[in-house]
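A.B. asks: here you go, sequence then predicted model.
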Amino acid sequence: MFGSFLIDLFNSLSSIINDVGYLGIFIGMIIESTIFPLPSEIMLIPAGALVARGEMSFLIVLLVAVGGTILGALINFLFAMFFGREIVNMLVKKYGRFLFITAARLKKADDFFNNHGEITTFIGRLIPVARHIISLPAGFSRMNILRFVIYTALGAAVWSAFLIYLGYVFGNRLEWINSQLGWLYIPIMVIVLVILVIYLLIQKKKSKKKK
């Protein structure tokens, strides 16, 4: 019964996306990155199925998905940059001792993001749940906005292309996708691991040169 519900949901989403077109995907990805963590899977996998049917363009779906992600991420980033830090500082002063958060720990978090913000932003966009909130610490630490946009775009492009491709290949097998989605994320996790290892090796090499 649940499988039948998923198929109906998939068909409904495909129909909605087909009706609203690329603009609907763009708006959906803005929402996904800001006020409500709407799973991008429910938009981009059906869009990939429509690409397979020749009703949408893979490249255009990818571009509007990345564009929507960037705009949504910027809203969170700018909010955190201009308003969020004051709120955090106030909470730390009042309740920090109960939450085991201190100004020194916040400073360490800022230093970490200032030194590793690019890789953190990129990888954060490839990890479910984290991708919805990664813009906030970037804004808190006042990360360079151009670098933020570049690495957000790169991470969003990899993630979006992956989901569109899933829909393109397996769009007519929704029940199977739902049961195997955890396993299907493995390629992304492998990419994340490889990037992390390469980044750590580069950082280690740089630290040796400084010595």
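C.D. replies: Cool, got the structure.

A.B. asks: other SSEs contacting the helix or strand where residue 192 lies?
C.D. replies: Here residue 192 sits within helix 186-210, counting by DSSP states H and E. Here helix 186-210 touches helix 103-124, helix 145-170, going by 3 or more C-beta pairs under 8 Å, 6 or more residues apart in numbering; DSSP states H and E. Glycine gets a C-beta too; all of them are placed from N, C-alpha and C.

A.B. asks: run the last query once more with 7 Å
C.D. replies: Helix 186-210 sits against helix 103-124, with contacts defined as 3 or more C-beta pairs under 7 Å, 6 or more residues apart in numbering; DSSP states H and E.

A.B. asks: name the helix or strand for residue 45, please.
C.D. replies: Counting by DSSP H and E, the element that carries residue 45 is helix 41-52.

A.B. asks: what does the helix or strand just after that helix contact?
C.D. replies: Proceeding N to C from helix 41-52, the next assigned helix or strand is helix 58-79, under DSSP H and E. Here helix 58-79 makes contact (C-beta atoms under 7 Å, 6 or more residues apart in numbering) with 22, 25-34, 44, 47, 51, 135-136, 138-139, 148-149, 152-153, 156-157, 160-161, 164.

A.B. asks: so for the helix holding residue 45, mean pLDDT?
C.D. replies: Across helix 41-52, the average pLDDT comes to 85.

A.B. asks: angle of it against helix 58-79?
C.D. replies: Helix 41-52 runs at 160 degrees relative to helix 58-79, counting by axes from the mean of the first three to the mean of the last three C-alpha atoms, to 10 degrees.

A.B. asks: now the angle between helix 145-170 and the helix holding residue 192, please.
C.D. replies: Here helix 186-210 points in a direction 150 degrees away from that of helix 145-170 (the same axes, to 10 degrees).

A.B. asks: many thanks, I have nothing further to ask.
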